[in-house]
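Participant: After the sequence you'll find the predicted model.
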Amino acid sequence: MQPVVRALEILRAIAHHGDGMTIGDIHSTLGIPLGSAHRLLAVLTEQEFVTRSPINRRYFLGPAARQLTEQNNRLTSTLTAPHPAVVAAAAESGETVFLSELVGSQVVCISLIESKHPLRLFVRIGQEMPLHAAASARALLADLDTGTARALLADRPLTSFTSDTPATPDAVIEHLAVVRARGYDVCDDELDRGVWAVAAPIRTSIGTTCASLTLAAAADRMRDPVARAGAIHLVLTTAARLSAELGYISRFPSSPSVPQMDQPDKPRPNRPASEEDHDPR
């Protein structure tokens, strides 16, 4: 097994050196004898996991290694059609459930099942979600490093949809720390009055977030803390199932306990129910 372990160590080391590594670098960095390193690199080169520059004789990741990464990044295509887990979550909750993905600098809805309630929450496939105000978007931003997230936020106006909308990059960045800590995001009257949503990340086999799963509902149906906790639990377990199907091995139990409410309800004036469509982003 030692040759396999050493070969993987070499690949990992080369991956962290964008300017390549010489055989001497590999020997000094990993402590692998020069003869062993030479034999392993010969096999890795033959199988195209590494390539060697004829100019400077440095080794770089080869097309086979990059192909594995590119194929893994395309795994999200399996989620574009309504997945049985998404269908099941929508059927169990009776609410709108949808998937979103970061495409370039935009978060867009890629798949959804709409609510069957008379008060329908409007979202469509291809719809862009506000990065700063939507739980579906913030669940994705939370996986990015702070610099990248801040750059995305600075590239567009942060519209104050309601008085509760976080309207500055600093406010959003601070909120993303909360999202990372608890593993999901809640949007409560921040994008549209009378709309409550919870979103959780979906991860690939290498641990990167590829999409978010969101359940959105009329806030009036989510006044009860038990109802909210149940919705959060449903989103977390469904996101965990989708992640597992993409090969992600969670460090958390497969059936997490029902989470506690993250904050008490904010007082709001009573409003009569209406048939007006709302945007649950």
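Facilitator: That came through fine. Numbers count the residues shown, from 1 in each chain.

Participant: For the stretch 151-281 of the chain, which residues score under the pLDDT cut-off?
Facilitator: Within the stretch 151-281 of the chain, the segments meeting pLDDT under 70 span 251-281.

Participant: And the strands in it?
Facilitator: Taking DSSP state E, counting those that start in this stretch as the criterion, the stretch 151-281 of the chain contains strands spanning 185-188, 195-203, 209-218.

Participant: Let me have these in CSV, adding distance to residue 151 and mean neighbour count as columns.
Facilitator: Glycine gets a C-beta too; all of them are placed from N, C-alpha and C. Shown next, in CSV, are the strands of the stretch 151-281 of the chain (distance: least, C-beta to C-beta, whole Å; neighbours: other C-beta atoms under 10 Å):
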stretch, distance to residue 151, mean neighbour count
strand 185-188, 20, 24
strand 195-203, 20, 26
strand 209-218, 17, 27
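
Participant: now for those strands, which one comes closest to residue 244?
Facilitator: strand 195-203 (9.3 Å; C-beta to C-beta).

Participant: Grab the most central residue of this protein for me.
Facilitator: Nearest to the geometric centre of the chain sits residue 209, at 3.0 Å (C-alpha atoms, centre = their mean).

Participant: State the distance from that one to residue 136.
Facilitator: 12 Å (C-beta to C-beta, to the nearest Å).

Participant: Residue 206 is in contact with residue 246, correct?
Facilitator: No. Under the criterion of C-beta atoms under 8 Å, residue 246 makes no contact with residue 206, lying 9.6 Å away.

Participant: Comparing those two, which residue is more hemmed in?
Facilitator: More crowded of residue 246 and residue 206, by other C-beta atoms under 10 Å: residue 246, with 18 against 14.

Participant: Residue 108 sits in which helix or strand?
Facilitator: Here residue 108 sits within strand 106-113, counting by DSSP states H and E.

Participant: partner strands of that strand, parallel or antiparallel?
Facilitator: Strand pairing for strand 106-113, using DSSP bridges, gives strand 96-103 (antiparallel), strand 128-129 (antiparallel).

Participant: what angle sits between the longest one and strand 209-218?
Facilitator: Translated: strand 96-103. Using axes from the mean of the first three to the mean of the last three C-alpha atoms, to 10 degrees, the inter-axis angle of strand 96-103 relative to strand 209-218 is 150 degrees.

Participant: Pick the most deeply packed of the strands paired with strand 106-113.
Facilitator: strand 96-103 (a mean of 24; mean count of other C-beta atoms under 10 Å).

Participant: quick one: average pLDDT of stretch 102-116?
Facilitator: Taken as a whole, stretch 102-116 carries a mean pLDDT of 88.

Participant: Against which helices or strands is the longest helix belonging to the chain packed?
Facilitator: For the chain, the helix that runs over the most residues, judged by DSSP state H, is helix 225-245. Contacts defined by 3 or more C-beta pairs under 8 Å, 6 or more residues apart in numbering; DSSP states H and E place helix 225-245 against helix 84-93, strand 195-203, strand 209-218.

Participant: Among the ones you listed, which comes closest to residue 234?
Facilitator: Short answer: helix 84-93, nearest of the helices and strands packed on helix 225-245 by C-beta to C-beta, at 5.6 Å.

Participant: Residue 143 should be in a helix, yeah?
Facilitator: No. Assessed with DSSP: H, G, I helix; E, B strand; the rest coil, residue 143 is coil; it does not lie in a helix.
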